[in-house]
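1. sequence and predicted model, in that order:
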Amino acid sequence: MPATDADLIRTLVTPERLREFFAPRSIAVVGASDTSGWARFVAASCQAAGFSGPLIPVHPAHRTVFGRPAVASLRDLAEPVDVAFIMAPAGAVESVLDDAGAAGVRHAIVLAAGYRELGEPGRAAEQRMIARAAAHGITVLGPNCLGFLNAHAAAAPFALTVPPPLLAGPVGIALQSGALASVVLAFAHAHAIGVSTLATMGNEAMIAATDVLEYLIEDDATGVICLFLEQISDPARFARAAERADRAGKPIVVLKAGASPAGREVALAHTGAVAGDDAVVDAVLRQLNVIRVTSIEELLSTAALLGYDRWPAGRRMGVVTASGGACDLIADRAAAEGVEIPEFAPETVAAIDPLIPPFASVRNPLDVTGYFLANRRTSALTAVDHALAAAAADPGLDFVLFTGLTLPQARPDETAAAVLAERAAWLGERIASAPIPVISVAHTCVDVSEYGREVLDRGSIHMLGGIDLGMTALGHALRWLENRGRPQGTVIGGGPARSAAGGAPWSEAAARDLLAGSGVPVVPGELVNSADAAVAAAQRLGLPVVLKVCSAQITHKSDIGGVAVGPRTEEEVRAAYARVTAAGRGVPGARVDGVLVSPMRAGGLELIAGVTVDPTFGPVLAVGLGGVWVEVLGDTSLRVLPVYPGEVKRMLGELRGSALLRGARGSRPADLDALAEAICRLGDAAAALDGSLRALEVNPLWVDGDQVEALDVLIVTADRSKEGP
């Protein structure tokens, strides 16, 4: 698309323009008929949302649709509508856009498929359609799109089922999927999770998911943002938006498809999206403090916790239940999420002790037991409620998890209903006024009945759907809270690499020079071209030594016998020199520059640190256990460059083998500051290659206490002029 068109489109998708787009007061449905299922969905969705503005059918052959007066064309409207939902076939869409432009319509949704997802001809048709819309000053959502709903604005030009009533709430949602939106809405409805705006993105020809993300960040009705993504097409903009969301205190929760090769193929077939390497995507989201989840249930449960409940100030959790089994389950899940369950303070124990039967004990997690259920009730409140009040005042806790409220599926008799209403009102007030957050959770992920919603609404209580989902959501929330302020969105996704296929390796001597020039500590070494010189170098460096054939054309020196480890005498050095030189000369086409002699390093720990280039996100740093462990364990952590020492230390802490760095089994602990600094310098070396990098790898990167050295270096670039001497 020409730059002028792109600049024009940017003016049509600003957050200000999208605020207008997502709050229409009048809607036209082009192509509506009594037999159109899509049009019927839109009419029903608007009714479920409580839309009170004009909903005008447009069809050249029908005077009425669904009992509403219809017009033949958008040009026949008495006044412009805010949004036109275009249900015409792909071949007729541009003509309808001409009508919309003539009628003064500023916004449109395009339902039709048959564009980018069909390949290059469809992509060209999509660009023509969008150029036509932009020329008329029309903002377009789609094509291949089912529309949106805005619960707070009571508007829903949305061609799917909306379970009534539509509950307005804090959760904003953007989906790079259409039909999945109905599943999301069904789960939200079943668990009393209110939404602000929900948008299906279609092919994102004009309005992209990042545009909706930016709109939701500025939307006062949205407190937390959910995204279902098949791709991140503009990493730099996404990263900057994530940084703004972090500053604004609006968590982003992402369900990202395409983790498997099959998933990436499905994404490509669905909307023409290229899903990208999942490990890199995972690293980027972690780097941006974006919560990544693996299911719709997890997506919405996490959003509900962050959208409705007060945020804990730490990981110290109190647990109040009426079930010993629930205590066990919660304790297990807490351990998995790194949540602490400390002992209650003495004053808390003293307050709770009179509330429980003699055979029970006051401990955290607390089981008040079901003993009180056998006694005749004298008030609306029970022992578990009074225990909650005591636990919420405990000075050693950051929050309380409460499973003491059970909702009936159907409305009970009037007496029981009145008691439950009184109790829910008390709980709501107690939760709102407690010194620390109280998080209410159901035992299992069951649907909340209409009556249950009524009870929760009267008490202004939100209940998470089940212990397992609730604890998972809690773990996500705590990690998000702890990492606030970390995102460096302005430096991520600077653009794809300019490198080409079939890159050129450097000789190790040249690679060592680049790293040393960037401040990476490199093991001392000398390049020699005779056995006598090898002996002299070994004596200067200190025996035993390592000898390696040095050739840009030989990247796997060990495989051809080009490495000799541990010669301890002059005779052994001479023999090793002859051996590795012969091995190098035996490789067809290899130019042998000489033999690299280095002192041998023993003890310590070997890591691998390297930079490769992702086609979407650019240079990516990988750190993990090196040497023989790299292939056995596959224990690595990734970040998009640039990174800083603090972030590298977090990477090292993510490794399953991180205990080895801390000095496991009496070994010398690594100086993590020195190690992180060396790895950051490695990133600087990669950046110095100015886009020509294909791969840079140090394996092993040796660390022993405060000693850090690169022992073996490989660099591959696309530009053969940078191959080195």
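-> Looks like it arrived, so ask away.

2. which parts of this structure belong to which domain?
-> Per automatic domain parsing, the domain ranges recorded for the chain read 3-162, 310-461, 524-599, 605-722.

3. export these as a markdown table, with columns for mean neighbour count, distance to E243 and mean pLDDT.
-> C-betas here are computed from N, CA, C, even on glycine. Output for these, formatted as a markdown table (neighbours: other CB atoms under 10 Å; distance: least, CB to CB, whole Å; pLDDT from 0 to 100):
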| stretch | mean neighbour count | distance to E243 | mean pLDDT |
| --- | --- | --- | --- |
| domain 3-162 | 20 | 16 | 96 |
| domain 310-461 | 17 | 19 | 93 |
| domain 524-599 | 18 | 38 | 96 |
| domain 605-722 | 19 | 13 | 88 |
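
4. closest to A242 out of these?
-> Counting by CB to CB, A242 lies closest to domain 605-722 out of those; the figure is 12.3 Å.

5. quick one: that closest one to chain centroid distance?
-> The chain centroid and the centroid of domain 605-722 are separated by 23 Å, computed with CA atoms, centre = their mean, to the nearest Å.

6. stretch 545-559 now?
-> Worked out by CA atoms, centre = their mean, stretch 545-559 lies 40 Å from the chain centre.

7. can I get that stretch in CSV, CA atoms only?
-> Output of stretch 545-559 as CSV, limited to C-alpha atoms (Å, rounded to 0.1, in the frame of the first residue of the first chain):
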residue,chain,number,x,y,z
VAL,A,545,46.0,-25.9,26.6
VAL,A,546,43.3,-26.4,24.0
LEU,A,547,44.2,-26.3,20.2
LYS,A,548,41.5,-25.6,17.6
VAL,A,549,41.8,-25.4,13.8
CYS,A,550,40.8,-21.9,12.7
SER,A,551,38.8,-21.7,9.5
ALA,A,552,35.7,-19.8,8.5
GLN,A,553,34.5,-22.8,6.5
ILE,A,554,34.7,-25.2,9.5
THR,A,555,32.0,-24.4,12.0
HIS,A,556,31.8,-27.7,13.8
LYS,A,557,35.5,-28.3,14.5
SER,A,558,35.0,-31.2,17.0
ASP,A,559,33.1,-33.2,14.4
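
8. hang on, the earlier thing: closest to L288 out of the domains of the chain?
-> Among the domains of the chain, domain 605-722 comes nearest to L288, with 9.3 Å by CB to CB.

9. just send the domains of the chain back as JSON lines, with distance to F187 too.
-> JSON lines is the format used below for these (distance: least, CB to CB, whole Å):
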{"stretch": "domain 3-162", "distance to F187": "13"}
{"stretch": "domain 310-461", "distance to F187": "9"}
{"stretch": "domain 524-599", "distance to F187": "51"}
{"stretch": "domain 605-722", "distance to F187": "30"}
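
10. pull the longest strand from this protein.
-> strand 693-704 (DSSP state E).

11. who does it pair up with?
-> strand 605-614 (antiparallel), strand 707-710 (antiparallel), strand 713-717 (antiparallel) (DSSP bridges).

12. out of everything not next to it in sequence, what's closest to W38?
-> Nearest residue to W38, sequence neighbours excluded (CB to CB, 6 or more residues apart in numbering): A159, at 4.6 Å.

13. picking up where we left off before, V195 is nearest to which of the domains of the chain?
-> It's domain 3-162; of the domains of the chain, that one is closest to V195 (CB to CB) at 5.3 Å.

14. thinking again about what came up before, can I get the strands paired with strand 693-704 in CSV with distance to D532?
-> What follows is those, written out as CSV (distance: least, CB to CB, whole Å):
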stretch, distance to D532
strand 605-614, 32
strand 707-710, 27
strand 713-717, 26
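
15. nearest to N364, of these?
-> strand 605-614 (38.7 Å).

16. ok, then the element right after that closest one?
-> strand 618-625 (DSSP states H and E).

17. surely the residue nearest to W38 is in contact with L111?
-> Yes - in this structure A159 lies within contact range of L111 using CB atoms under 8 Å: 6.4 Å.

18. mutual contacts of those two, please.
-> Residues touching both A159 and L111 (CB atoms under 8 Å, 6 or more residues apart in numbering) are W38, F85, M87, L146, G147.

19. okay, and the first one sits in which element?
-> Pointing back at W38 there. Counting by DSSP H and E, W38 is part of helix 37-49.

20. which strands and helices lie in contact with the helix or strand that that helix is followed by?
-> Where DSSP H and E defines the elements, the next helix or strand beyond helix 37-49 is strand 55-58. Judged by 3 or more CB pairs under 8 Å, 6 or more residues apart in numbering; DSSP states H and E, strand 55-58 is in contact with strand 27-30, helix 37-49, strand 68-69.

21. what residues does the shortest one touch?
-> Defining contact as CB under 8 Å, 6+ apart, one finds that strand 68-69 is touched by L55, I56, P57, R63.
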